[in-house]
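> Pasting the sequence and the predicted model now:
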Protein chains: 4
Amino acid sequence: MLKHETKIRVRYADTDKMQFVYNGKYLEYFEVGRTELLRGYGLAYSEVEKMGYQLPLIEAGVRYKNPAHYDDLLKVTAIVKDIFSARLRIDYVIEREETNDLIAEGFTEHIFIREESKKPVRPPKFYIETLKPYIKVPK
Amino acid sequence: MLKHETKIRVRYADTDKMQFVYNGKYLEYFEVGRTELLRGYGLAYSEVEKMGYQLPLIEAGVRYKNPAHYDDLLKVTAIVKDIFSARLRIDYVIEREETNDLIAEGFTEHIFIREESKKPVRPPKFYIETLKPYIKVPK
Amino acid sequence: MLKHETKIRVRYADTDKMQFVYNGKYLEYFEVGRTELLRGYGLAYSEVEKMGYQLPLIEAGVRYKNPAHYDDLLKVTAIVKDIFSARLRIDYVIEREETNDLIAEGFTEHIFIREESKKPVRPPKFYIETLKPYIKVPK
Amino acid sequence: MLKHETKIRVRYADTDKMQFVYNGKYLEYFEVGRTELLRGYGLAYSEVEKMGYQLPLIEAGVRYKNPAHYDDLLKVTAIVKDIFSARLRIDYVIEREETNDLIAEGFTEHIFIREESKKPVRPPKFYIETLKPYIKVPK
């Protein structure tokens, strides 16, 4: 299992007139979570793109548990359980650092596409090879 | 059943370097869809707030079907099937106007809270009364 | 002089916890203003890009006069006085439709670049030819 | 003179189809710069708000010097020269950490308002007292 924690400080721009973080912002926080997870395992997403691949979303879900507020320091935990599937699923947990309140949970599912053709492809070899040592390989 | 269509023009700001609309933007398009649905049925969300209520999200989901691009004119259809539940669920379908391509589907679930206390409450009477004529009342 | 008016409805996503539209959002409203100005004069910006050109900003300014609020209908007026310069300057005035309150004024300055090389170039001929009939040509 | 440096990692969400950071995003980076400047001098902006004050923008300007790209690490320097004026002006310089390229320069001007009344007021005493030790007091 790949697992990584990142901190995000809530910006004024992230809030809305309800005084909470805007609901759509969590998908951006998830993005930061998975970017730093991949970087943490030696596979910066910018490198994935330089190799000619992209990882668009095919599905996303968010469950909003408690509101986050301006200037909160949030802890985003991203988790990957399987790297061999054609679909890459990442799970996320967002907590308020100071209080450990659960703020939101969610997931994103991605497929690999070739940047040029925008066509779906199998997970590229360099991706599998880089992450495999950290995943329990299925027998 | 409440059902309403709105048009949204994709802004440059909505796109990302993948040349597609950024995944988190769809939750903003859903917002426009439900705002215009409520307005279309005589219940502007700004009026809901003036009455002292707010409708935060408790859950959201998006399935990304085809990429939307800069300057695409999108058709957002919002659908409400039930207004009596403590949870308000809204379903969305986003299509490209010109080609009828399905771009994304999704939903949001909301609860009513009092603006002052931020505590959950039952759907307010003015909301039920305004929308009831358009919903088949359960016997 | 080229001049064009567009309407924008303020989204919940555009507001911040101060209850006003977030300061950075006005640059997005300016974008909508100039996109619709160009379209109104027969030169959709998406077509400019299909011809291989882009129009990045080199400078922008905003003066905030009165706050805009959620669900306000804003009138964005975009104005172009000169199309022959290497730099394209566009001025903007944003007003609240209902009250005619002045919300913000500002400008953006752009240069043409080639999409492939990202290098600055002179305003392309098709751009000059399309807009020239609407501009008083300098003698 | 107050001066503070902050690092910001460019998100995918910040980019647009031109492959650059979207022009409006820099005002959000400026926000992060001034938030961390105030925090660095012992005056978290969230505390300013808890005291009943807000600091809306009355003017902003950005000069775009070089494009920033996805995953760039940016260094935002915020500078305050005067805290006694009714208007608070903050200057910003954004550079790419790795290359020291100048990305953007700009400023924001703010006034203090009371949160409740939204009316302009003089800079509050706790603000002056907290920051005065770091500013050369005019004779």
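Cool, the structure landed. The shown structure was predicted, so the numbers you read here are calculated from the model rather than taken from an experiment.
> Would you mind listing what in chain A touches chain C?
A:Tyr12, A:Ala13, A:Thr15, A:Asp16, A:Lys17, A:Met18, A:Gln19, A:Tyr22, A:Gly24, A:His69, A:Tyr70 (Cβ under 8 Å from any Cβ of the partner chain). All C-beta atoms are positioned from the backbone trio N, CA, C, and that covers glycine.
> do you know how far the closest residue to A:Leu57 other than its chain neighbours is from chain C?
Closest residue to A:Leu57 apart from its sequence neighbours, by Cβ to Cβ, 6 or more residues apart in numbering or on different chains: B:Asn23 at 4.5 Å. Here the criterion is Cβ to the nearest Cβ, to the nearest Å. By it, B:Asn23 lies 14 Å from chain C.
> likewise A:Tyr41?
32 Å.
> Ramachandran angles for that residue?
For A:Tyr41, the backbone dihedrals (degrees, to the nearest 10) come out as phi -100, psi 20.
> What strands flank whichever strand in chain A runs longest, and is each parallel or antiparallel?
Longest strand of chain A, by residue count under DSSP state E: strand A:102-114. Applying DSSP bridges, strand A:102-114 is found paired with strand A:53-54 (antiparallel), strand A:57-64 (antiparallel), strand A:87-96 (antiparallel), strand A:120-121 (antiparallel).
> Nearest residue to A:Ser85 in space, please, no chain neighbours.
The shortest distance from A:Ser85 to any non-neighbouring residue, by Cβ to Cβ, 6+ apart, is to A:Pro123 (7.9 Å).
> Identify the residues contacting the one you found.
Contacts for A:Pro123 (Cβ atoms under 8 Å, 6 or more residues apart in numbering or on different chains) come out as A:Ile83, A:Phe84, A:Ser85, A:Ala86, A:Leu88, A:Phe112.
> between the residues you listed, which is nearest D:Asp101?
A:Phe112 (31.4 Å; Cβ to Cβ).
> contacting residues around that closest one?
A:Phe112 makes contact with A:Tyr53, A:Gln54, A:Leu55, A:Ala86, A:Leu88, A:Pro120, A:Val121, A:Arg122, A:Pro123, A:Pro124, A:Tyr127 under the criterion Cβ under 8 Å, 6+ apart.
> On the three-state scheme, A:Arg34 is what?
Following DSSP: H, G, I helix; E, B strand; the rest coil, we place A:Arg34 in the helix state.
> Surely it is in contact with A:Thr108?
Yes. Using Cβ atoms under 8 Å, A:Arg34 is in contact with A:Thr108, at 7.0 Å.
> hey, what's in contact with both of the two?
In contact with both A:Arg34 and A:Thr108: A:Ile90, A:Tyr92, using Cβ under 8 Å, 6+ apart.
> From C:Arg9, how far off is A:Pro133?
Counting by Cβ to Cβ, to the nearest Å, the separation of A:Pro133 from C:Arg9 is 51 Å.
> Compare the two and say which one has the larger neighbour count.
C:Arg9 (16 against 9; other Cβ atoms under 10 Å in any protein chain shown).
> Could you report the pLDDT at the more buried one?
Confidence at C:Arg9, expressed as pLDDT, is 98.
> Repeat that for A:Lys139.
A:Lys139 carries a pLDDT value of 57.
> Looks like A:Ala86 contacts A:Ile111 (just checking).
Yes. Counting by Cβ under 8 Å, A:Ala86 touches A:Ile111, with 6.6 Å between them.
> Next, work out how far apart the spatially most central residue of chain A and D:Leu102 are.
Most central in chain A under Cα atoms, centre = their mean is A:Arg34, positioned 2.8 Å from the mean C-alpha point. For A:Arg34, the distance to D:Leu102 equals 30 Å [Cβ to Cβ].
> Then A:Glu49?
A:Glu49 sits at a distance of 25 Å from D:Leu102 (criterion: Cβ to Cβ).
> out of those two, which sits in the busier spot?
A:Glu49 (17 against 13).
> which residue packs closest to the more buried one, ignoring adjacent ones?
Distance criterion Cβ to Cβ, 6+ apart; nearest residue to A:Glu49, sequence neighbours excluded, is A:Glu115 at 6.6 Å.
> neighbours of that neighbour, just the number please.
Residues near A:Glu115, counting by other Cβ under 10 Å, number 15.
> ditto for A:Val121
Residues contacting A:Val121 under the criterion other Cβ under 10 Å number 13.
> Just the pLDDT at it, thanks.
On pLDDT, A:Val121 comes in at 96.
> distance of it from chain B?
Taking Cβ to the nearest Cβ, one finds A:Val121 at 15 Å from chain B.
> Pass me the low-pLDDT residue ranges in chain A, would you?
Scanning chain A with the threshold set as pLDDT under 70 gives A:137-139.
> Near chain D, which residues of it? Just list them.
Counting by Cβ under 8 Å from any Cβ, chain A sits next to chain D at A:9, A:11-13, A:28, A:31-32, A:35, A:44-46, A:49, A:70-71.
> out of these, which are buried?
Using 16 or more other Cβ atoms under 10 Å in any protein chain shown as the burial test, the residues of chain A next to chain D include A:9, A:11-13, A:28, A:31-32, A:35, A:45-46, A:49, A:70-71 as buried.
> Let me have those in TSV, extended by secondary structure.
As requested, those are exported to TSV (three-state DSSP):
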residue	secondary structure
A:Arg9	strand
A:Arg11	coil
A:Tyr12	helix
A:Ala13	helix
A:Glu28	helix
A:Glu31	helix
A:Val32	helix
A:Thr35	helix
A:Tyr45	helix
A:Ser46	helix
A:Glu49	helix
A:Tyr70	coil
A:Asp71	coil
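> Among the residues you listed, pick out the one closest to D:Glu5, please.
Ranked by distance to D:Glu5 (Cβ to Cβ), these are led by A:Arg9 at 15.4 Å.
> Can you pull out the residues in contact with whichever strand or helix holds A:Tyr26?
Element membership for A:Tyr26, per DSSP states H and E: helix A:25-40. By Cβ under 8 Å, 6+ apart, the residues outside helix A:25-40 that reach it are A:2-4, A:6, A:8, A:14, A:44-45, A:48, A:60, A:62, A:64, A:74, A:76-78, A:80, A:90, A:92, A:94, A:104, A:106, A:108, B:23-24, B:27, D:9, D:11-13, D:71.
> can you give me how far it is from the chain middle?
How far helix A:25-40 lies from its chain's middle: 4 Å, per Cα atoms, centre = their mean, to the nearest Å.
> And for stretch A:129-139?
Relative to the centre of its chain, stretch A:129-139 is centred 19 Å away, using Cα atoms, centre = their mean.
> Run through who's touching that stretch.
By Cβ under 8 Å, 6+ apart, stretch A:129-139 touches A:Met1, A:Leu2, A:Tyr41, A:Gly42, A:Leu43, A:Val80, A:Asp82, A:Ile83, A:Phe84.
> buried sites along that stretch?
Residues A:Thr130, A:Leu131, A:Ile135 are the ones in stretch A:129-139 that count as buried (16+ other Cβ under 10 Å).
> For A:Ile79, see how far away the last one is.
Spelled out, that is A:Ile135. Distance from A:Ile135 to A:Ile79, by Cβ to Cβ: 12 Å.
> what residues are shared contacts of the two?
Counting by Cβ under 8 Å, 6+ apart, the shared contacts of A:Ile135 and A:Ile79 are A:Met1, A:Leu2.
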